[in-house]
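A.B. asks: predicted structure and sequence below. I'll ask about it afterward.
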Amino acid sequence: LIPPTVDITHTGQEETIDGVRIVFQLTPGTEAPAEMNFLFPDRRALCMAENATHNLHNLLTLRGAQVRDARVWARYLDEAIALFADHADVAFASHHWPTWGRNDIVAFLSQQRDLYAYLHDQTVRLMNHGLTGIEIAETMRMPPDLEQAWHTHGYYGSVSHNVKAIYQRYLGWFDGNPAHLWEHPPVPQARRYVECLGGTAAAVAHARRYVQEGDLRFAATLLNHVVFADEHDTEARELLAEVYTRLGHGAENATWRNFYLAGA
């Protein structure tokens, strides 16, 4: 590794690199632990790194990582508007396409700010009402102003798994239910479930009924138990692959779709 010759240590720091002036805004804990936005003042161009893209980003990547902080994410977007909006004619990011004109830049960044702030605040509010992360994810709905802005939709991150990420950040994996405190690992648990359901054939029959009724979510749960109980059961594996494929084709979220189709 080549050691850096210049450290960016504070927001507002200005450096000239190969004759190009850059003004930096530090945004730690947002899309990455050491993230930053930066303005090219001579070009009136604002780079938002990965902090404001044309979709809802991940607060917790499905591949696994530390949970990102939606509260400070929203705060840094607000700070970026205050610092840079009057000095930029275009805002762009590491992904997607640019946004042109001060008014459109402010509108875009404001809705992105409100997106992360709303997710954070409403998740915390419902946590304080005693709901678990899974329950909050099922009940959370975005307000009309954000729902109607297509760049806030969950094409990459999702409201569902981001809500669970915020819950995880504050409260961890345990939901307070003692039954979930010391559960069996997946394989021995699955074998017990299948036994209680009357065996593999009965469990697959139940799953087929749920598939026919359109309840793909529970069909996947049930078939997952069958496959974990007996990984050599071809009928269960093929049916689960079919369910995963249908779930994938119905997913607006690209990462969900990829996990479902990869699983299939």
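C.D. replies: Yep, that arrived. Numbering: from 1, shown residues only.
A.B. asks: contacts only, for residue 46.
C.D. replies: Contact analysis of residue 46 by CB atoms under 8 Å, 6 or more residues apart in numbering lists 37, 38, 39, 40, 80, 84, 87, 88, 90, 91, 92, 105. The C-beta positions use only the backbone N, C-alpha and C, and glycine is treated the same way.
A.B. asks: swap in 7 Å and give it another go.
C.D. replies: 39, 84, 88, 91 (CB atoms under 7 Å, 6 or more residues apart in numbering).
A.B. asks: how about the residues you listed in JSON lines, adding neighbour count, pLDDT and distance to residue 192?
C.D. replies: What follows is the contacts of residue 46, written out as JSON lines (neighbours: other CB atoms under 10 Å; pLDDT from 0 to 100; distance: CB to CB, whole Å):
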{"residue": "39", "neighbour count": "22", "pLDDT": "98", "distance to residue 192": "59"}
{"residue": "84", "neighbour count": "23", "pLDDT": "98", "distance to residue 192": "57"}
{"residue": "88", "neighbour count": "27", "pLDDT": "98", "distance to residue 192": "59"}
{"residue": "91", "neighbour count": "25", "pLDDT": "98", "distance to residue 192": "54"}
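A.B. asks: show me those that map onto strands.
C.D. replies: Counted as lying in strands by DSSP state E, out of those, are 39, 91.
A.B. asks: ok, of the contacts of residue 46, which one's closest to residue 253?
C.D. replies: Closest approach to residue 253 among the contacts of residue 46 (CB to CB): residue 91, at 24.2 Å.
A.B. asks: got the contact list for that closest one?
C.D. replies: Contacts of residue 91 (CB under 7 Å, 6+ apart): 46, 48, 98, 99, 105, 108, 109.
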